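Colleague: Just to be clear, the model below is a prediction. Sequence and coordinates:
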2 protein chains.
Amino acid sequence: MGAILNGLELEQLQQLVAQVQADPEAARSLNRWSARVRWLGGFKGRAYIRNHSFLIDEPADLVGKDEAPNAVEYVLGALGACLTVGFVLNATKHGIPIRNLEIALDGEIDNILTFLGLSEEGHPGYREIVVKAYVDADADEGTLQKIWAETVRTSPVGNTLARSVALRPELSRIAAS
Amino acid sequence: MGAILNGLELEQLQQLVAQVQADPEAARSLNRWSARVRWLGGFKGRAYIRNHSFLIDEPADLVGKDEAPNAVEYVLGALGACLTVGFVLNATKHGIPIRNLEIALDGEIDNILTFLGLSEEGHPGYREIVVKAYVDADADEGTLQKIWAETVRTSPVGNTLARSVALRPELSRIAAS
């Protein structure tokens, strides 16, 4: 086993970079991600992703059983996770050891009443998300701010949220088997 | 206990609607959602949301330990869950019993190389997400398509993705305690 920084094997990281540079097809496969969600009754569902799955539910005041976070909460968690991974990746590239990293996210929906069909004003999506990162690392403030700016700029979930994604929805009616 | 349709207590659903109509402050509180993410080493993190938490990791070919879905996969799961909740809500409003509902999501990142710092072309966010819903319910095709269109139009995560969210990122350097 080679050198490890921030829990990452540096050789493995270099191999990934070499691989996607040498083989555009390998890079292309990293562009495609999939999930399935099965309804479990009420507002509860389970998402299946490769070898993993997770529950989604609504809190009791939104008529759920509160067995898991809801969909808009998962979006915040995903953004925080994405920025965590990006920051660790970029700090590791610069050889900076991180001691602690935590990200707090607060999102504001434009108008949730539109989701409930009670208003035509605005929309039910997030209007704004405030992201506060707290980091303890062996580097000066300026370096950490530069890594953070780079991380935000190159974040997959950050760009997904800041830009318009084209959604292609379709519904098929299936018969009971 | 009153009437139940699709696992939802209809009286509870009516109470929620009456409450947010009568009390704008209650509605406003449903617009705000929060999460925290703590780094656990490598590309692993845990999101904390109210009384819940979940792991996020990267697959082995992205230098993770593959203990959980990654951030961009959680986004797809969140979209599927949001459309599931919305479809069940809208079908229940119309008095339609659902027997089965499953949603498959396939997302395409514009250019993941930008995340790895290996390209300046495009961006690392989702460009397009194909969403296929499969439903078995006691209603004709036209009614189900109408409910689906309404669900997509009023989806919180759908609108979050289809529109531009304003991200307000900041980083604070903390000292080891």
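Modeller: Now that the structure is in, tell me what you want to look at.
Colleague: Now do the contacts for residue A:5.
Modeller: Going by C-beta atoms under 8 Å, 6 or more residues apart in numbering or on different chains, residue A:5 touches A:92, A:95, A:97. Any C-beta I mention is one placed from the backbone N, CA and C, and that applies to glycine too.
Colleague: Just the buried ones among the residues you listed, please.
Modeller: The neighbour-count criterion (16 or more other C-beta atoms under 10 Å in any protein chain shown) marks residue A:92 among the contacts of residue A:5 as buried.
Colleague: and the lowest-mean-pLDDT helix or strand in chain A with chain B, contact?
Modeller: Lowest on mean pLDDT, DSSP states H and E among the helices and strands of chain A sits helix A:24-29, with a mean of 82. Yes: residues of helix A:24-29 contacting chain B under C-beta under 8 Å from any C-beta of the partner chain: residue A:27.
Colleague: in that helix, what counts as buried?
Modeller: Here helix A:24-29 shows residue A:27 as buried, counting by 16+ other C-beta under 10 Å.
Colleague: Can I get it in PDB? Just the C-alpha atoms.
Modeller: Taking C-alpha atoms only, helix A:24-29 is exported to PDB below (Å, rounded to 0.1, in the frame of the first residue of the first chain):
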ATOM      1  CA  PRO A  24     -12.100   8.700 -23.300                       C
ATOM      2  CA  GLU A  25     -14.700   5.900 -23.200                       C
ATOM      3  CA  ALA A  26     -13.900   5.300 -19.500                       C
ATOM      4  CA  ALA A  27     -14.500   9.000 -18.800                       C
ATOM      5  CA  ARG A  28     -17.800   8.800 -20.700                       C
ATOM      6  CA  SER A  29     -19.000   6.000 -18.500                       C
END
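Colleague: which outside residues touch that helix?
Modeller: Counting by C-beta under 8 Å, 6+ apart, A:19, A:20, B:112, B:113 sit against helix A:24-29.
Colleague: The second one sits in which helix or strand?
Modeller: Secondary structure assignment for residue A:20, by DSSP states H and E: helix A:10-22.
Colleague: How about that helix, which residues are buried there?
Modeller: Those would be A:10, A:12, A:13, A:16, A:20, for helix A:10-22 by 16+ other C-beta under 10 Å.
Colleague: Over to stretch A:161-170?
Modeller: So, applying 16+ other C-beta under 10 Å, buried residues of stretch A:161-170: A:161, A:162, A:163, A:165, A:167, A:169.
Colleague: export these to TSV and tack on distance to chain B?
Modeller: Output for the buried residues of stretch A:161-170, formatted as TSV (distance: C-beta to the nearest C-beta, whole Å):
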residue	distance to chain B
A:161	4
A:162	6
A:163	5
A:165	4
A:167	6
A:169	4
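Colleague: Going by distance to chain B, which of the contacts of residue A:5 wins?
Modeller: residue A:92 (9.6 Å; C-beta to the nearest C-beta).
Colleague: could you give the angle of the helix or strand containing the closest one to helix B:71-93?
Modeller: Using DSSP H and E, residue A:92 falls within helix A:71-93. Computed by axes from the mean of the first three to the mean of the last three C-alpha atoms, to 10 degrees, the angle separating helix A:71-93 from helix B:71-93 equals 180 degrees.
Colleague: next helix or strand past helix A:71-93?
Modeller: In the C-terminal direction from helix A:71-93 (assignment by DSSP H and E), the next one is strand A:98-109.
Colleague: The helix holding residue A:20 near chain B anywhere?
Modeller: Yes: using C-beta under 8 Å from any C-beta, helix A:10-22 reaches chain B at A:12, A:13, A:16, A:17, A:20, A:21.
Colleague: Kindly state the pLDDT recorded for the residue nearest the centre of chain A?
Modeller: By C-alpha atoms, centre = their mean, chain A has its centre lying nearest to residue A:78, at 2.4 Å. With respect to pLDDT, residue A:78 has a value of 98.
Colleague: The nearest residue to it once chain neighbours are set aside - how many residues pack around it?
Modeller: The shortest distance from residue A:78 to any residue other than its chain neighbours is 3.9 Å, reached at residue B:74 (C-beta to C-beta, 6 or more residues apart in numbering or on different chains). By other C-beta atoms under 10 Å in any protein chain shown, 28 other residues sit near residue B:74.
Colleague: what's the most distant pair in the buried residues of helix A:10-22?
Modeller: Within those, A:10 and A:20 form the most distant pair, 16.4 Å apart (C-beta to C-beta).
Colleague: hang on, the earlier thing: looking at the buried residues of stretch A:161-170, which are in helices?
Modeller: A:161, A:162 (DSSP state H).
Colleague: how about a markdown table for the buried residues of stretch A:161-170, with pLDDT added?
Modeller: Formatted as a markdown table, the buried residues of stretch A:161-170 follow (pLDDT from 0 to 100):
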| residue | pLDDT |
| --- | --- |
| A:161 | 98 |
| A:162 | 98 |
| A:163 | 98 |
| A:165 | 98 |
| A:167 | 98 |
| A:169 | 98 |
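Colleague: Out of the buried residues of stretch A:161-170, name the two that are farthest from one another.
Modeller: Longest span within the buried residues of stretch A:161-170, C-beta to C-beta: A:162 and A:169, 21.5 Å.
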